[in-house]
Each structure stands twice: as structure tokens, then as C-alpha cells.
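Visitor: coords please:
(2 chains)
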Amino acid sequence: MTVDSGNRGLRPLLSLQVRALLYGLGVRRGSGRLRALGAAALALLLAGMAVFYLGALGFGMVAAGAAGAIPALAALMGSLASVALVFVKAPGTVFGCRDYDLVAALPVPTRAVVLARTAPLYGFGVAVSVLLAVPLYVAYFSAVVPTPVAVGAAALCAVCAPLVPAAVATLVSLALMAVAVRFRHAGAVQLVLSVLLVVGIVAGSLALGGAFGEKDDAATLAAMGDVAGMLSAAVAAAYPPAAWAAAAVGEGSLAGLAVFVILSLALPAAVTAGLAACYPAVNAVATSGPRRSSRRVVAAGSAAASPLRALTVKELRRIGSMPFYAMNCCVGLVLMVVAAVAISAIGVDALLASGVVNGVELDARAVAALGDQIDAALPWVFGFCGAMSLTAGPSVSLEGRASWLMLTAPVGAGTVLASKLLANLVLGCAAVAVSAVALLVGGMAPLLVLQCAVAAMGLLTGFSALALALDASSPNLAWTTPAEVVKRGLPMMVGVFGGIVTALGCGFLAVLACGTLGSWVSGLVNLVAPLVVAAAGLAALRAVSRRGLPGPAWQA
Amino acid sequence: MARPILEVSHFRKSYGAHVAVRDLSLAVAPGEICGFIGHNGAGKTTLIRSVVGAQPPTSGTVRVCGHDVWREPVAAKRLMAYVPDNPDVYDFLTGVQYLDLVADVFGVSADVRRWRAGELAGRLELTDVLGEPVSAYSHGMRQKLVLVGPPLHHPAPLVLDEPFVGLDPSASHELKAILRERAAAGCAVFFSSHVLEVVEKLCDTVAVIRRGELVALGPTDEVRGSASLEDVFLELVDKKDAAIPSRR
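Guide: Next up is the predicted model:
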């Protein structure tokens, strides 16, 4: 194999990866300029939000006297972004890829194949790192004199920051995948760990809010400065390259800069070379199946069930086996239970007065004076959580290439759609039941608990039915990754955003009704409005189910 | 002659200006094995997907035991079984869970499904892996799994799209035996294939489609005459293609 053939092979393989990325983002031939513009606008919006948020964070740290911690934080931000990207994209792109046989048979060196697979990950990591670092360094250099060495070091550090973490994450991701593919219940374990992570983040956020909640602005800034300093020290201790980057930018340490840059270039090169050297073995490990069970299975052994029940169980199995799908579509249910337990343990009034809830700055007296209004609005917190939990939303599209089973089964479209909605309701009912018990145990009035349960189930039913109706009327069965329909699908966007707007609107209406007409009217609003939302969603779903389910090439 | 189990009448399917299948009619009687052959893109899968209710025709009708597939879909589908050209089944189920799902949807009792699925899985050498997730199956194992599902409810017509693709020789041999047994039990078997030797040996009747038009239909012996089915097929294609400059 000559070097020339390697160079010739790299360009088309890189081009293929870029096309695959664009295809995955929904930019496809014939999909129209509007879709491409929409994708670009969304990317710009997200980038703008990130720049704004990090700029605010950076200037907040400068105001808190913690400017010295910014270089390490910038290196950490770029690193975390690239680690997250690698964990999501490396399985299926670098290893365990479906087209491995095809690319392995091409007359190009293996290193070109591996480089073409890893380069987009590193490139995207660098782009995100620079995007996140620029607003932080702008804030930093507003407080520190920008010498040419410091600015140059900052630019180099921003570019190099994600390279080492991405290389390490590639190896860790490969190791995790090698374990997961052999473990039958890896999906369930991942789901449990994800739920624990969400609960931990919420609890940590509440604890942090509590720490700052009772302080005045000056004390809060000082506390933030302390936290930033501690964070910087922890980052430097746990991740030495961040300390080298901080020394290069903050103290003009050329030695620190050199070590940081050399390591950032050498480690990815070594990992890429290592992967190339044992690429067939790596892919064999990543694509091997779970260990064979020694138990001999009797074919089709379970008791007979109705088609609706069988299809519902199938939907629940799908949710349980896809942690990504479950966490995106059930996070509201987790938050609902966490909120109920927090209210039960602390009490609504104490919770609001403690300052742990971001944006709520009320003392105990103010909370007591607003008791009726708080009771009027509380059910919509649960409605909000219910509206974020729409497993049914992308479920027709998720049938994907197996949609032939749904289309040729001897059941009506109504049964197929009902099974998808029912699976969503089963999960919703379980979370609402646990939440209701927690609230009752905490001493909340049964009527208010009923309002919370009705709001949660009403919004969940209404918006999951609406999202399902939208998905069933125009499913995307040709997706390449489930994220296309779970995260970026129109039905999910309409369902979740519609639910959030409705929850906020109804909460406002209930508080208004409570203040002007009395608490019994707000109670009535809280019981009737969710039922109206549910009825509207079910009516939309019924209308779609009467038309039947469209499949691939349905349009004549 | 017995009333046909599967009747396709004046079927037409177009995608915008492109006509995939035009004015196609055929019938398959009880006990008959009908092979459906044609070149790539001729319209075989298009017709089959409409026959099983996965894609509506532009015009024409498809009837299964007298039930119009597009007017009485549930009644027609309950009598029918389908094996697609790609064995895409749910990765998150095990083989047993998939077969249970199929049996539940078709209303097959627990005893009957246990016996039939066990027997078919044994014949196709699939029993040992039925407890494994489908995601761990090879293409051939998936193909065997989708072949075990359809006969569970004793379908009247059994419709298969390229069923021999991906099967090992022993499974291929077993599938031919299963299809013969189903036909002997009164089932109408309709399948597409590119393996002309199999069609020639297995099928009572054969239908040849070319560019969306049926160019031959009848008993295999009559269509073949004294030549092989391959010769006849190539002759039919060449005759039609004589009008196309690039194929002269």
C-alpha cells in the first residue's frame, strides 16, 4: 500500500463522514433549502445561547474576584464538551460501525480509515471548545492585561483543550462498549445510572441554591468566588493539563504551554495509531453479541395475551432497552417523583422560603401570605413534568425498518396507536402514583394531591396523544439514528413545547382565578383544564387512527 | 377449479409520474405454489407490499379469501402471513419474545404456539438461540426467525419476498419442504425469488414481471416448455428489450 493511495483514500472517506453527519442532522438531497436553513438557524441559536451563558458566567466570576480560575475552567469546558461528543458518537462511528466490512475492504490503509472516523470528532470538539472558550477568555482579559503571550497561549489552549480528553474518552468508550455488548442487561444498568445522575444533578443544584439562598448579593458573589476557586483547584488537581493551560495563560509559562500542546497532539496521534494497528480486533470486540445463555429456551413459552397487551408490552420493552430514548422521554417522570419527595420531606412553604428553588426569592412571611396562590399553581408543576414525558411521541417513527410488522399485523391502526399511548400512560401512572403517595405522606391535603395527579396525567395524556397523532400522520421511518426522531422530531418538539406553554398558561390562569374569584375556582380550573387537554389530544389521535398508518412509499 | 385464495385484479402502482406496476392481474389457488420472478426493480416487492397491506395500490384490488385487503384490512391480514425481503425485526426483543408477539397479534393459543414454534424452530435449527436478543442474530438467523413466525397461525395465503436469501443449504432445503407442506395443507404460497432453479423445481405456477408488466403467467411446465426457466426468462427479457437500443 503506498502513501499516495492512503492520501487518495482519506479525502473521500472524510467526505463520506461529513455527508453522514449532515444526513443525520436532516440535511438531505431533496429535503429543500428551508430544512438546511432551519438546521443552520438552530445551530446558530444554540451557539448564541452558549456564548451568552458562558459570557455571563465569565463576567460573574470576574466580578466575584475569581478571574484566575477562568483559564482552567475554559480548558475544562472544552474537554467536557468533547468527552460528551465522543461518548455519544464514537460507538458506531469509530468502532462497532455497520459499514466496517465495506470500509475495511477498500484499498486504503487502515490508518486512513481510522483517521477519517476520528478526525470529525476531534474537529467538532475543537470547534465547540473554541466556541465555549472565547466568551470566557473575553471576560478574563477584561480583568487581566492581555499580553501577546497570554492571548496566544489562550488561543492554543482553546484549540488543544479537547484533544487529550477526546482521545482518552475514545478508549474508555471502547472499553465500556466491549463490556456492555457482552452484558445482557447493560441497557437497564445504563438507565438506572442515568436516573441516579439526573437525581444527583437536581439534588446538587438544590443544595447549591440553598447554600446561596440566604445570603445577600455581596455575600453570594463572595461565595461564588470561593466555589470557583475550589473548583479551579479541584480541576487542576484532578486534571493536570488544565493546570498547565492555566499556568500558560495566567503566568505566561512557556514550559506549561509546551507540555500542554505536545501532550494534546501526541496522545490523539498515539490513540489513532493504536486503533489503526488493531482495528479489526477492536471492531470484533465492539460488535460481538451478548454471551450465550446456557439455559435452553422453550420456543414461544408465555401465556397468550390480547394484541393490545402484547403490543403494549413490546413498547415497554423498547423503552427499557433504549436508555437514550427512556431518559429523553421519561426525565419529566423522574423530576416529578423528585419534586414530590422534596415537597413531602421539606414542605412546599419551607421549600420556597429556603431559597433552594432558583428564581424564587421569598421569605417565610411572604410564602405564608401567598399560600392560596401557591396551592393554585402547584399542580401545574406536576403538569409540566407530565408534559415532558412523551414516550409515545416518536414511537411510530421508531418502528423504522421493522414497520412492516406494524403495517401487516391483523389489527387496526387504533390498536397499534393505543398500545403506544398505553405504554406511556403505564409509566406516567406509576410515577404519578408514587408522587401522590409521597405528597399524602408529607401531609398535603388530598384535594390538592388530586389536582396534582390530574394535572400530571391530563397533560401527559393530551400531549403524548397529540405528539403520537402527529408522528403517525407523517412518520420518519428512514432515520439513521434514533436521536433524529427522539430529540429532533417535529412531533416531540410540538408535544413538549406545547405542554410546557400549556402548563405555564394554566398555572397563570389558576393563580389569577384564585386571586380574583377564590380558591375553589382555581381548584376547578386545575381539575377541568387537564381533562380538556387530554380530551383534545385523544380526539386528534382518534382522527389520525381512522385514516390508518402510513408506511414507506405510502404516497401514490 | 377452487376459488382462488389470493386474487390480484388490475393492480397499478405509481409513484408520481413513474409507473412501477401497471394493470397486473393474477390469482393463486389453494394448494398452489406460485413463483414470482423478474429482474431488479421490475416491481416484485411493490406488488407484494401492496398484497400484504403495507402499501396502498394506485388502483385495482387485492383480495384474500374474498376479503379486500384495502377495504377489510384486519379480516384479510388475519388470514395472511408475510415474510419481507429484509428480516428487520425488533432488536430489543429476544427470539421467543418476538414469536410470542406474533402469536399474540394473530391470536394463536399458548399451547398451539408452543408446539408449532418449537417444531419449526427445531427444523430450522434455531431453538438454541431463541432466548438470545435479536440484536445478536446474524442475517441468516433473523431470516429463520421471520420464517418461523408466519406459519404459527396456519395462514391461508403465505406471501414471501425473497425467502431463500441468507439461508444456509440445510435451512433452504427445509424451507422448501415447509412450503410444500403448507401447500399440501391447502395454503396458497406466493413468493418472489431470483433463484430460478428453486422456482422451477418448487412452483406449480410462475409469473414473470418485467418493468411493471406481467409478461408470462401459467403452469411452470407451460411457461418453461422444453427449455429451462432461466432460458425462458432471459428470452422474455431480451424480447422486450429488443426495443431498447442499449440492449440490442
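Visitor: helices along the stretch 201-350 of chain A, start to end?
Guide: Along the stretch 201-350 of chain A, counting by DSSP state H, counting those that start in this stretch, helices occupy A:217-238, A:240-251, A:254-277, A:279-287, A:307-321, A:323-346, A:348-353.
Visitor: and the shortest one, which residues are buried?
Guide: Of the residues in helix A:348-353, those buried under the neighbour-count criterion (16 or more other C-beta atoms under 10 Å in any protein chain shown) are A:V348, A:D349, A:L351, A:L352, A:A353. Heads up, the C-betas are built off the backbone N, CA and C, glycines and all.
Visitor: one step back: got JSON lines for the helices of the stretch 201-350 of chain A, with distance to A:L549 and mean pLDDT too?
Guide: Formatted as JSON lines, the helices of the stretch 201-350 of chain A follow (distance: least, C-beta to C-beta, whole Å; pLDDT from 0 to 100):
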{"stretch": "helix A:217-238", "distance to A:L549": "52", "mean pLDDT": "67"}
{"stretch": "helix A:240-251", "distance to A:L549": "52", "mean pLDDT": "83"}
{"stretch": "helix A:254-277", "distance to A:L549": "43", "mean pLDDT": "90"}
{"stretch": "helix A:279-287", "distance to A:L549": "33", "mean pLDDT": "78"}
{"stretch": "helix A:307-321", "distance to A:L549": "13", "mean pLDDT": "93"}
{"stretch": "helix A:323-346", "distance to A:L549": "20", "mean pLDDT": "89"}
{"stretch": "helix A:348-353", "distance to A:L549": "44", "mean pLDDT": "72"}
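Visitor: report the contact partners of the nearest residue to A:F260 once chain neighbours are set aside.
Guide: In this structure, A:F260 finds its nearest non-sequential neighbour in A:W244, 4.3 Å apart by C-beta to C-beta, 6 or more residues apart in numbering or on different chains. Applying C-beta atoms under 8 Å, 6 or more residues apart in numbering or on different chains to A:W244 gives the contacts A:S253, A:G256, A:L257, A:V259, A:F260.
Visitor: mind checking how far A:W244 is from chain B?
Guide: 43 Å (C-beta to the nearest C-beta, to the nearest Å).
Visitor: quick one: the residue nearest in space to the middle of chain A and chain B, what's the gap?
Guide: Closest to where the C-alpha atoms of chain A average out (C-alpha atoms, centre = their mean) is A:N328, at 6.1 Å. Taking C-beta to the nearest C-beta as the measure, A:N328 falls 16 Å from chain B.
Visitor: show me the contacts for that residue.
Guide: Contacts of A:N328 (C-beta under 8 Å, 6+ apart): A:V486, A:K487.
Visitor: and A:I374, what element?
Guide: Following DSSP states H and E, one finds A:I374 within helix A:371-387.
Visitor: what residue ranges in chain B score low on pLDDT?
Guide: B:1, B:238-248 (pLDDT under 70).
Visitor: for residue 114, grab the count of nearby residues.
Guide: Looking at chain A here, since you left the chain open. Neighbour count for A:V114, taken as other C-beta atoms under 10 Å in any protein chain shown: 23.
Visitor: switch to chain B, please.
Guide: B:R114: 19 neighbours (other C-beta under 10 Å).
Visitor: secondary structure element holding it?
Guide: helix B:110-123.
Visitor: how about B:Y82?
Guide: strand B:81-83.
Visitor: report the central residue of chain B.
Guide: B:L160 (1.8 Å).
Visitor: what about that one, which SS state?
Guide: strand (DSSP: H, G, I helix; E, B strand; the rest coil).
Visitor: hang on, it packs against B:C187?
Guide: No: at 11.5 Å, B:L160 does not count as touching B:C187 under the criterion of C-beta atoms under 8 Å.
Visitor: number of residues surrounding B:D100?
Guide: With other C-beta under 10 Å as criterion, B:D100 counts 27.
Visitor: quickly find the element holding it.
Guide: Going by DSSP H and E, B:D100 is part of helix B:95-105.
Visitor: which parts of the stretch 351-500 of chain A sit against chain B?
Guide: With the criterion set to C-beta under 8 Å from any C-beta of the partner chain, the stretch 351-500 of chain A comes near chain B through A:G400, A:R401, A:A402, A:W404, A:L405, A:L407, A:T408, A:A409, A:P410, A:V411, A:G412.
Visitor: just the local confidence number for the last one, please.
Guide: Which is A:G412. At A:G412, the model reports a pLDDT of 89.
Visitor: output stretch B:78-92 as PDB, nothing but the C-alphas.
Guide: Extracted in PDB, the C-alpha atoms of stretch B:78-92 (Å, rounded to 0.1, in the frame of the first residue of the first chain):
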ATOM      1  CA  ARG B  78     -55.700 -12.100   9.900                       C
ATOM      2  CA  LEU B  79     -55.800 -14.800   7.200                       C
ATOM      3  CA  MET B  80     -52.500 -14.000   5.700                       C
ATOM      4  CA  ALA B  81     -48.800 -14.300   6.600                       C
ATOM      5  CA  TYR B  82     -45.900 -12.300   5.200                       C
ATOM      6  CA  VAL B  83     -42.100 -12.700   5.100                       C
ATOM      7  CA  PRO B  84     -40.300  -9.500   4.000                       C
ATOM      8  CA  ASP B  85     -37.300  -9.300   1.800                       C
ATOM      9  CA  ASN B  86     -35.200  -7.900   4.700                       C
ATOM     10  CA  PRO B  87     -35.600  -9.600   8.000                       C
ATOM     11  CA  ASP B  88     -35.800  -6.400  10.100                       C
ATOM     12  CA  VAL B  89     -37.300  -7.300  13.400                       C
ATOM     13  CA  TYR B  90     -37.200  -5.500  16.800                       C
ATOM     14  CA  ASP B  91     -33.600  -5.700  18.100                       C
ATOM     15  CA  PHE B  92     -34.700  -5.200  21.700                       C
END
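Visitor: and it with chain A, contact?
Guide: Yes: using C-beta under 8 Å from any C-beta, stretch B:78-92 reaches chain A at B:R78, B:M80, B:Y82, B:P84, B:N86, B:D88, B:V89, B:Y90, B:D91, B:F92.
Visitor: tell me the bridge partners for the third one.
Guide: Bridge pairing for B:Y82 (DSSP bridges) gives the partners B:V159.
Visitor: what is the neighbour count of it?
Guide: By other C-beta under 10 Å, neighbour count at B:Y82 equals 25.
Visitor: quick one, what contacts it?
Guide: Per C-beta under 8 Å, 6+ apart, neighbours of B:Y82: A:W404, A:T408, B:I48, B:V52, B:A54, B:P150, B:V159, B:L160, B:D161.
Visitor: could you measure it against B:G35, distance?
Guide: From B:Y82 over to B:G35 the distance is 16 Å, taken as C-beta to C-beta, to the nearest Å.
Visitor: just the fourth one next, same as before
Guide: The gap separating B:P84 from B:G35 is 17 Å, by C-beta to C-beta.
Visitor: got it, and the fifth one?
Guide: In this structure, B:N86 lies at 20 Å from B:G35, with C-beta to C-beta as the measure.
Visitor: likewise the first one?
Guide: Separation of B:R78 from B:G35 (C-beta to C-beta) stands at 25 Å.
Visitor: one more: the second one?
Guide: Applying C-beta to C-beta, the value for B:M80 to B:G35 is 18 Å.
Visitor: off-centre distance for the longest helix anywhere in chain B?
Guide: Taking DSSP state H as the criterion, chain B has its longest helix at helix B:169-184. Between the centre of helix B:169-184 and the centre of its host chain there is 13 Å, according to C-alpha atoms, centre = their mean, to the nearest Å.
Visitor: now do the helix or strand that that helix is followed by: distance to the chain's middle.
Guide: Beyond helix B:169-184 on the C-terminal side, the first helix or strand identified by DSSP H and E is strand B:188-192. Centroid separation for strand B:188-192 versus its chain: 5 Å, with C-alpha atoms, centre = their mean.
Visitor: then stretch A:439-459?
Guide: Centroid separation for stretch A:439-459 versus its chain: 28 Å, with C-alpha atoms, centre = their mean.
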